[in-house]
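**Q** Could you look at this predicted model? Sequence included:
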Amino acid sequence: MTRLSVNINKVATLRNSRGGNNPDLLKAALACEQFGAQGITVHPRPDERHIRYDDVYLLKENISTELNIEGNCREQKFVDLVLETRPAQVTLVPDEPGQITSNHGWDTIRHKDYLIEMCQLFREAGIRVSIFVDPDPRMVAGAALIGTDRVELYTEAYAHGYTTDPVAAINPYIQAAKAAVAGGLGLNAGHDLDLYNLRYFQENIPGLLEVSIGHALISDALYLGLEETVKQYLTQLR
């Protein structure tokens, strides 16, 4: 079964909009675990507009499933945070300043030397490394030469194309997944996956180990409740 890691950034966004600690981020993370999620994902950014750096330390000390920290390793504060908390997995994302959400993967050919250095740094600390990439077999093949453990496929294009032509939408991801398998890489995926497009993606992508889902899942929880929502996402992955 593909594992579900719940991205709780949006819970932090809601909390920060009023100050205080309501909703309680840790309580939400523990509830996701209780309801069956196999991991918790956070993506701290320099302005701390959702996840705060202090949140990450609290989560690491208290959750029992895998913690996945996503972010831009070109920020020294992010690198220090990861090395200090030592999550199960760090996902390297090439965010740009002021970017609202992640919208592209690494060019693993152009940035090969830099990514080799960063992967070595984190892996020597005992942290599994995943690199965020577009569904391009060349970028996946490039990642296989870097020393990463996994790649995470950026799935926004799939989610947008699924509503009109699922076969065309999934094809680049199948090719990228095959390149990951050929390169000996583990395979994650995330961005805009939801209850409507998740099952088709999971059924057609060979070797999919983990999906990270936040915005859609937390939005669905407003209507269905968090427990029912997590269970429905897990059902799509079975």
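**A** Now that the structure is in, tell me what you want to look at.
**Q** Which residue ranges of this structure form strands?
**A** Shown for the chain, the strands assigned by DSSP state E span residues 3-7, 39-42, 66-71, 89-92, 128-133, 150-154, 186-190, 208-213.
**Q** Now the second one - C-alpha only, CSV.
**A** Pointing back at strand 39-42 there. This file holds the C-alpha atoms of strand 39-42, laid out as CSV (Å, rounded to 0.1, in the frame of the first residue of the first chain):
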residue,chain,number,x,y,z
GLY,A,39,3.4,10.2,8.1
ILE,A,40,3.2,14.0,8.7
THR,A,41,4.6,16.5,6.3
VAL,A,42,5.5,20.1,6.9
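**Q** Deepest-packed of the strands of the chain, please.
**A** strand 89-92 (a mean of 28; mean count of other Cβ atoms under 10 Å). All C-beta atoms are positioned from the backbone trio N, CA, C, and that covers glycine.
**Q** would you list the strands of the chain in JSON lines and tack on mean pLDDT and distance to residue 30?
**A** Converted to JSON lines, the strands of the chain look like this (pLDDT from 0 to 100; distance: least, Cβ to Cβ, whole Å):
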{"stretch": "strand 3-7", "mean pLDDT": "98", "distance to residue 30": "11"}
{"stretch": "strand 39-42", "mean pLDDT": "98", "distance to residue 30": "9"}
{"stretch": "strand 66-71", "mean pLDDT": "97", "distance to residue 30": "12"}
{"stretch": "strand 89-92", "mean pLDDT": "98", "distance to residue 30": "19"}
{"stretch": "strand 128-133", "mean pLDDT": "98", "distance to residue 30": "22"}
{"stretch": "strand 150-154", "mean pLDDT": "98", "distance to residue 30": "24"}
{"stretch": "strand 186-190", "mean pLDDT": "98", "distance to residue 30": "22"}
{"stretch": "strand 208-213", "mean pLDDT": "98", "distance to residue 30": "18"}
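**Q** With distance to residue 32 added, can I get those in a markdown table?
**A** Listed next are those as a markdown table, based on distance: least, Cβ to Cβ, whole Å:
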| stretch | distance to residue 32 |
| --- | --- |
| strand 3-7 | 4 |
| strand 39-42 | 6 |
| strand 66-71 | 12 |
| strand 89-92 | 16 |
| strand 128-133 | 20 |
| strand 150-154 | 19 |
| strand 186-190 | 15 |
| strand 208-213 | 11 |
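**Q** Relative to residue 81, tell me which of the ones you listed wins on proximity.
**A** For the strands of the chain, the distance to residue 81 is smallest for strand 66-71, at 7.1 Å, taking Cβ to Cβ.
**Q** just checking, what packs against that closest one?
**A** Under the contact criterion of 3 or more Cβ pairs under 8 Å, 6 or more residues apart in numbering; DSSP states H and E, strand 66-71 touches strand 3-7, strand 39-42, helix 53-62, helix 76-85, strand 89-92, strand 208-213.
**Q** which residues make contact with the third one from outside it?
**A** Taking Cβ atoms under 8 Å, 6 or more residues apart in numbering as the criterion, the residues outside helix 53-62 that touch it are 12, 25-26, 29-30, 40, 42, 44, 67, 69, 77, 81, 84-87.
**Q** Sounds good, over and out.
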